[in-house]
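S.K.: Mind looking at a prediction? Sequence and model below.
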Amino acid sequence: MTARRDQTMNLSHTEATLRADLTALIAAITPGDAVEEADLRHTLEWVASGYDLYRTAKPATPPQHLVAYFQVIDPDTGLMLLGEHRGAGLLLPNGGHVEPGEKPWQAVVRECREELHASAEPSPRFGTRPAFVSVTRTRGPAAGQHVDVSLWHVVHVERESVSYFDPAEFTAMHWMGPREILMMQAERLDPCMHRFTRKITQS
């Protein structure tokens, strides 16, 4: 997978606390299906293992690392914001890699400000907790492929307040209804997007 520490007891107090907090955060997710249940179990084992969690060098060091996705939803219409991602060639939610020492929600706040020039407002249903977890291998050249362990959050941002997106990351942004997303070909989206959409739109 990647370099492992000799013993988890050799972790610094700060890192041990971060891992404990992360474990509690992930364990609180209620899996929506058997796939998510397996991904959740894998993620908990990975966090407890002592393996490095954060990307330290582009594109794939270590080859498995932590990502914070955030799905922007307009609270008035329920429309979901997806972007045409330059690197992946897919329609994706916003988000990015969690930095060393950073908590997932802190990454969401930072990425929302960087990518959309907007403030991340926690959804009433999920708050600052992740709504979904996934473990997926990225696409692209073999040398850059890696595994993203992604914690998916839901944030509310009014549609009218989104007037900017980061052109280095995306070529365009689209507001789409959940039904429209579910009718799209899976190959155009993150491989877990349909499952995530179904989960968060269940009443």
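M.R.: Thanks, I have the structure now. Because the structure is a prediction, the values reported are computed rather than measured.
S.K.: Nearest residue to A107 in space, please, no chain neighbours.
M.R.: Nearest residue to A107, sequence neighbours excluded (CB to CB, 6 or more residues apart in numbering): A68, at 3.9 Å. No exception for glycine: its C-beta is placed from N, CA and C like everyone else's.
S.K.: all strands of this structure, in order?
M.R.: Shown for the chain, the strands assigned by DSSP state E span residues 64-73, 80-85, 91-92, 94-97, 121-122, 132-137, 147-156, 170-176.
S.K.: Mean pLDDT and distance to E111 added to those, as CSV?
M.R.: Listed next are the strands of the chain as CSV, based on pLDDT from 0 to 100; distance: least, CB to CB, whole Å:
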stretch, mean pLDDT, distance to E111
strand 64-73, 96, 7
strand 80-85, 98, 12
strand 91-92, 97, 12
strand 94-97, 95, 5
strand 121-122, 98, 14
strand 132-137, 96, 17
strand 147-156, 97, 10
strand 170-176, 98, 12
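S.K.: For Q106, which of those strands is the nearest?
M.R.: strand 64-73 (8.5 Å; CB to CB).
S.K.: Can you say which of the strands of the chain is nearest to K58?
M.R.: strand 94-97 (9.2 Å).
S.K.: what's the closest one packed up against?
M.R.: strand 64-73, helix 104-116 (3 or more CB pairs under 8 Å, 6 or more residues apart in numbering; DSSP states H and E).
S.K.: need the ones you listed in CSV with distance to I200, can you?
M.R.: Converted to CSV, the helices and strands packed on strand 94-97 look like this (distance: least, CB to CB, whole Å):
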stretch, distance to I200
strand 64-73, 7
helix 104-116, 15
